[in-house]
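Asker: All I have is the shape, not the residue letters:
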């Protein structure tokens, strides 16, 4: 069984596939920048904004 792997974007809460590093192009494009929230649009991150 594969381990659960989190998106590489520091503020993102999404889970990614075994061979993936980022959950979205937003997170991939944000690498190297510091953000307070994740705007990838997925449910795990949108819930943090409520």
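Answerer: Perfect, I can see it now. Please read these numbers as outputs of a predicted model, since none were measured by experiment. Numbers count the residues shown, from 1 in each chain.

Asker: who are the neighbours in contact with residue 10?
Answerer: Residue 10 makes contacts with 34-35, as judged by CB atoms under 8 Å, 6 or more residues apart in numbering. (Glycine included, C-beta is placed from N, CA and C.)

Asker: On the three-state scheme, it is what?
Answerer: Following DSSP: H, G, I helix; E, B strand; the rest coil, residue 10 is assigned to coil.

Asker: quick one: residue 38 and residue 9 touch, right?
Answerer: Yes: the pair residue 38 and residue 9 passes the contact test of CB atoms under 8 Å, sitting 6.0 Å apart.

Asker: Give me the common contacts of the two.
Answerer: With CB under 8 Å, 6+ apart, residue 38 and residue 9 have common neighbours 26-27, 30.

Asker: nearest to residue 49, of those residues?
Answerer: Nearest to residue 49 among those is residue 26, at 13.9 Å by CB to CB.

Asker: That closest one: neighbouring residues, count only.
Answerer: Residues within reach of residue 26, counting by other CB atoms under 10 Å, total 18.

Asker: Just give the closest residue to it, not the sequence neighbours.
Answerer: Closest residue to residue 26 apart from its sequence neighbours, by CB to CB, 6 or more residues apart in numbering: residue 40 at 4.6 Å.

Asker: next one: residue 36
Answerer: Using CB to CB, 6+ apart and skipping residues adjacent in sequence, the residue nearest residue 36 is residue 11, 6.9 Å away.

Asker: show me what contacts residue 7?
Answerer: Contacts for residue 7 were tallied using CB under 8 Å, 6+ apart; they are 13-16, 21-24, 27, 38, 40.

Asker: out of those, which are buried?
Answerer: 13-14, 16, 22-24, 27, 38, 40 (16 or more other CB atoms under 10 Å).

Asker: Just list the residues touching the residue nearest in space to the middle of the chain, thanks.
Answerer: Among the residues of the chain, the one closest to the centroid is residue 12, at 3.4 Å (CA atoms, centre = their mean). Contact analysis of residue 12 by CB under 8 Å, 6+ apart lists 6, 22-23, 27, 38, 40, 44-45.
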